[in-house]
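S.K.: Build me a structure from this.
(chains A and B)
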Amino acid sequence: DTAVSQTPKYLVTQMGNDKSIKCEQNLGHDTMYWYKQDSKKFLKIMFSYNNKELIINETVPNRFSPKSPDKAHLNLHINSLELGDSAVYFCASSRRDRGLLNTEAFFGQGTRLTVV
Amino acid sequence: KNEVEQSPQNLTAQEGEFITINCSYSVGISALHWLQQHPGGGIVSLFMLSSGKKKHGRLIATINIQEKHSSLHITASHPRDSAVYICAVRWATSGSRLTFGEGTQLTVNP
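M.R.: I've put the predicted structure just below:
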């Protein structure tokens, strides 16, 4: 019974391609997040959605577009992939957002994206 | 600039040792998290603190709001505790802005 699941786990693609990473949570949470972990293992938030509404959008290039069809899903679409996009992307969810950290957070297993 | 600093960056211990990982932050926060990232990459939330102390099994987390400092303690450490431990804060005056420390790589040898 996976709480937060991401697919795919690994993604290798060429520069310039468009790719999507999917995330689903079965916890009934209202809020979902995308985080990026760089090669130095440093985590940074990218986006947060609360009940399908965008509430956090850090300084992420326009090539990254989150899509939330319903509150159980938050997908990440990336256009025109660049070498620097290579990283591990984590999806997470929590109960109604007060900035993630006021409620327990549950993370997906991560998607390792490699752009060649 | 709002910052989160963890120390040490790397820590090697022998099984059974008491371990402390520290987290300091620069300005007021509304809450602080300790996260654990397993060697396989998965992230688990260990604690969420806004004051005082929390305990779960062999793990203890404390926070001193006045000193802007939190510690994560592991008692009777075990090789399975080997992981990266990450401190993360929500700043009190920055809405939903979130900042993570760089993590502490813990290795516990048998």
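S.K.: ok, now which ones touch A:Leu27?
M.R.: By CB atoms under 8 Å, 6 or more residues apart in numbering or on different chains, the residues touching A:Leu27 are A:Ala3, A:Val4, A:Ser93, A:Phe106. All C-beta spots, glycine's among them, are computed from the backbone N, C-alpha and C.
S.K.: Burial check on the last one, number of neighbours?
M.R.: Applying other CB atoms under 10 Å in any protein chain shown, we find 20 residues neighbouring A:Phe106.
S.K.: Check which helix or strand it maps to.
M.R.: Using DSSP states H and E, A:Phe106 maps to strand A:105-107.
S.K.: Who are the packing partners of that strand?
M.R.: Counting contacts by 3 or more CB pairs under 8 Å, 6 or more residues apart in numbering or on different chains; DSSP states H and E, strand A:105-107 packs against strand A:87-94, strand B:29-37, strand B:43-49.
S.K.: partner strands of the worst-scoring helix or strand of chain A on mean pLDDT, parallel or antiparallel?
M.R.: Ranked by mean pLDDT, DSSP states H and E, the weakest helix or strand in chain A is strand A:53-57, scoring a mean of 76. Strand A:53-57 pairs in its sheet with strand A:43-50 (antiparallel), by DSSP bridges.
S.K.: just the angle between the strand it pairs with and strand B:43-49, please?
M.R.: Using axes from the mean of the first three to the mean of the last three CA atoms, to 10 degrees, one finds that strand A:43-50 and strand B:43-49 are set 80 degrees apart in direction.
S.K.: outside of strand A:43-50, which residues touch it?
M.R.: Residues outside strand A:43-50 that contact it (CB under 8 Å, 6+ apart) are A:30-38, A:54-58, A:60, A:64, A:66, A:68, A:71, A:74, A:76, A:89-90, A:96-97, A:100, B:86, B:88, B:96, B:98, B:100, B:103.
S.K.: could you point out which element follows the helix or strand bottoming out on mean pLDDT in chain B?
M.R.: One helix or strand of chain B scores below all others by mean pLDDT, DSSP H and E: strand B:98-100, with a mean of 78. Using DSSP H and E, the helix or strand that follows strand B:98-100 towards the C-terminus is strand B:104-109.
S.K.: And the contacts of that following strand?
M.R.: By CB under 8 Å, 6+ apart, strand B:104-109 touches B:6-15, B:17, B:19, B:21, B:74, B:77-86.
S.K.: Give the buried subset of those as a ChimeraX selection command.
M.R.: To isolate the buried members of the contacts of strand B:104-109 in ChimeraX, using 16 or more other CB atoms under 10 Å in any protein chain shown:
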select /B:6,11,13,19,21,74,77,81,82,83,84,85,86
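S.K.: Mind checking which of the contacts of strand B:104-109 are in strands?
M.R.: Within the contacts of strand B:104-109, residues falling in strands by DSSP state E are B:6-7, B:10-14, B:19, B:21, B:74, B:83-86.
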